[in-house]
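Novice: With the input below, show me the fold.
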Amino acid sequence: MYELEDVVKQCVERVARFRRQHPRTNEQNTKAGLIEPIIGALGWDLFDPEEVHREYRRRGVDNPVDYALLLLRTPRLFIEAKGLGENLDDPRWANQTIGYATMAGVEWVALTDGAEWRVYNAHAPVPIEHKLFRAVRIEDDADAAVELLSLLSKQNMGNNRIEELWKGFFVDRQVHTELTDLFAGSDPVSELVDLLDRRMPRLSREEIRQSLIRARATFDFPMSTAAAAPFQRRPSPAEAAQLVESRPATSRPVSRSSTGKSKRATARVTPDERRLKLADLLAAGRLRPGTTLFARYLGQQHTAELLADGRVRYRGEVHNSPSSAGEAVKIAIHGRDITDARKATDGLDFWQAEDAVSGDVVTLKEIRRRVAAGGGGHA
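Specialist: This is a model prediction of the structure:
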């Protein structure tokens, strides 16, 4: 969808311009400048109310939805618009629109302020915080935005392409969570030990248990995409970040130390590395103030901003450490009732950024290692 790609790029430029002009842009101007161009580029006829119905009400007494996109006069997608700069994390917005969609029999809902798009499955039999399918900020990753938004095109909604992807995503997310939990405790679960004990009679249960404690487990769930990349070439640093983000979080190795804490398989951390803070990496010139931090968790892309003092801003809240910001991501996904074991995060391993010296995108932990080694890039 070359037209969609062009429109997304134009909207990225408009977002930057609008933000320079006003801290917030009202809803009507956001619709006109950022949302309706996207809807039109997705193949929906903005001038036909039987395709794009503004202020849609299922019944006259209902509160209106900003946009209902219809096929054969049947609503297939609700879009709830907010002014640029509004807080999309306010649960009222998603709850309200998903409630409308459920009553109207509409499965798919998009919530957007023009800069960020969040797509929900209103009919998914899960708590509302787990109905989120994908979210993307067009400024952070235009390619990912095109990929997600293309699923909302008139053609793809007619072919039900998004439903096909949701089914795989919904199952994979649950299986990944359970598999990860098998390796997250301080002691292997008995069912896993029993299974291996039956299959490996020459080993004792204690030998199996100790081996599982040392194990690194990789769970790789390929992520379906709306379209394949049209060509391959050496990516720029910004594109490299997108490629790193596109790898599913489930492909990350999960290892456990004798303390039972989950971690990625990495080289031993030296005392010199442990002494370094993000402020030191900034002072060394490996990171720059304002750098975007990238993370991929349970198939969703997350970004944060590195501040000049080494703190991290995520969703408008400033955190004193990358670990705290990583925990905030998990709380946003799982809710406040998340267990301590699942919430625990090694922020230096969780977040990735562009190394300002070498230009590649790696974990903060790798950048810290390079600073400690005094190397010049791929040391």
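Novice: So which elements touch the host helix or strand of Ser324?
Specialist: In this structure, Ser324 sits in helix 322-334 according to DSSP states H and E. Helix 322-334 sits against strand 292-297, strand 300-306, strand 312-314, strand 317-319, helix 340-343, helix 347-350, with contacts defined as 3 or more Cβ pairs under 8 Å, 6 or more residues apart in numbering; DSSP states H and E. Where C-beta positions appear, they are placed from N, C-alpha and C, glycine not excepted.
Novice: Compare the ones you listed and give me the one nearest Asp113.
Specialist: Asp113 lies closest to strand 300-306 among these, at 15.4 Å (Cβ to Cβ).
Novice: and the direction of the closest one versus that of helix 322-334, what angle?
Specialist: If you take axes from the mean of the first three to the mean of the last three Cα atoms, to 10 degrees, strand 300-306 sits at 150 degrees to helix 322-334.
Novice: which other residues reach strand 300-306?
Specialist: Here strand 300-306 makes contact (Cβ atoms under 8 Å, 6 or more residues apart in numbering) with 132, 134-137, 140-141, 144, 245, 278, 282, 287-296, 312-314, 322, 325, 329, 333, 351, 353.
Novice: show me the contacts for Arg137.
Specialist: 115-116, 145, 303.
Novice: Strands along the stretch 51-200 of the chain, start to end?
Specialist: 52-56, 65-71, 74-81, 108-112, 116-121, 132-137 (DSSP state E, counting those that start in this stretch).
Novice: hey, which of these is tucked in deepest?
Specialist: Most buried of the strands of the stretch 51-200 of the chain, by mean neighbour count (mean count of other Cβ atoms under 10 Å): strand 108-112, with a mean of 25.
Novice: partners of it, with directions?
Specialist: strand 74-81 (parallel), strand 116-121 (antiparallel) (DSSP bridges).
Novice: Adding mean pLDDT, write those out as TSV.
Specialist: As requested, the strands paired with strand 108-112 are exported to TSV (pLDDT from 0 to 100):
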stretch	mean pLDDT
strand 74-81	95
strand 116-121	94
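Novice: before we move on, the earlier item: tell me what angle the helix holding Ser324 forms with strand 292-297.
Specialist: Using the same axes, to 10 degrees: helix 322-334 against strand 292-297 is 50 degrees.
Novice: begin at 628 from here
Specialist: Got it, the first residue is 628 from now on, which makes the last one we talked about helix 949-961.
Novice: quick one, longest helix in the protein?
Specialist: helix 788-809 (DSSP state H).
Novice: chain center to that helix, what's the gap?
Specialist: 14 Å (Cα atoms, centre = their mean, to the nearest Å).
Novice: Export that helix to CSV, keeping only CA atoms.
Specialist: Extracted in CSV, the C-alpha atoms of helix 788-809 (Å, rounded to 0.1, in the frame of the first residue of the first chain):
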residue,chain,number,x,y,z
ARG,A,788,-7.3,-11.0,7.6
ILE,A,789,-7.1,-9.5,11.1
GLU,A,790,-9.2,-12.3,12.6
GLU,A,791,-6.7,-14.9,11.2
LEU,A,792,-3.8,-13.1,12.8
TRP,A,793,-5.6,-12.6,16.1
LYS,A,794,-6.3,-16.3,16.5
GLY,A,795,-2.6,-17.1,16.3
PHE,A,796,-1.7,-14.2,18.5
PHE,A,797,-4.3,-15.0,21.2
VAL,A,798,-3.2,-18.7,21.5
ASP,A,799,0.6,-17.9,21.3
ARG,A,800,0.3,-15.3,24.0
GLN,A,801,-1.3,-17.7,26.4
VAL,A,802,1.1,-20.6,25.6
HIS,A,803,4.1,-18.3,25.9
THR,A,804,3.0,-17.1,29.3
GLU,A,805,2.6,-20.6,30.6
LEU,A,806,5.9,-21.8,29.2
THR,A,807,7.7,-18.8,30.6
ASP,A,808,6.1,-19.5,34.0
LEU,A,809,7.5,-23.0,33.9
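Novice: in it, what counts as buried?
Specialist: Residues 788-789, 792-793, 796-797, 799-800, 803, 806-807 are the ones in helix 788-809 that count as buried (16 or more other Cβ atoms under 10 Å).
Novice: which non-adjacent residue is nearest Val746?
Specialist: In space, and not counting its chain neighbours, Val746 is closest to Phe760: 4.7 Å by Cβ to Cβ, 6 or more residues apart in numbering.
Novice: can I assume the one you found is in contact with His750?
Specialist: No: assessed by Cβ atoms under 8 Å, Phe760 is found out of contact with His750, at 11.6 Å.
Novice: Can you check the pLDDT for Val896?
Specialist: On the pLDDT scale, Val896 is placed at 78.
Novice: Now for it: which residues touch it?
Specialist: 992, 996.
Novice: That one sits in which helix or strand?
Specialist: For Val896, there is no helix or strand it lies in under DSSP H and E.
Novice: how close does it get to Gly937?
Specialist: 18 Å (Cβ to Cβ, to the nearest Å).
Novice: thinking again about what came up before, pick out whichever of the contacts of Arg764 sits closest to Asp814.
Specialist: Using Cβ to Cβ, those come closest to Asp814 at Thr930, 35.7 Å.
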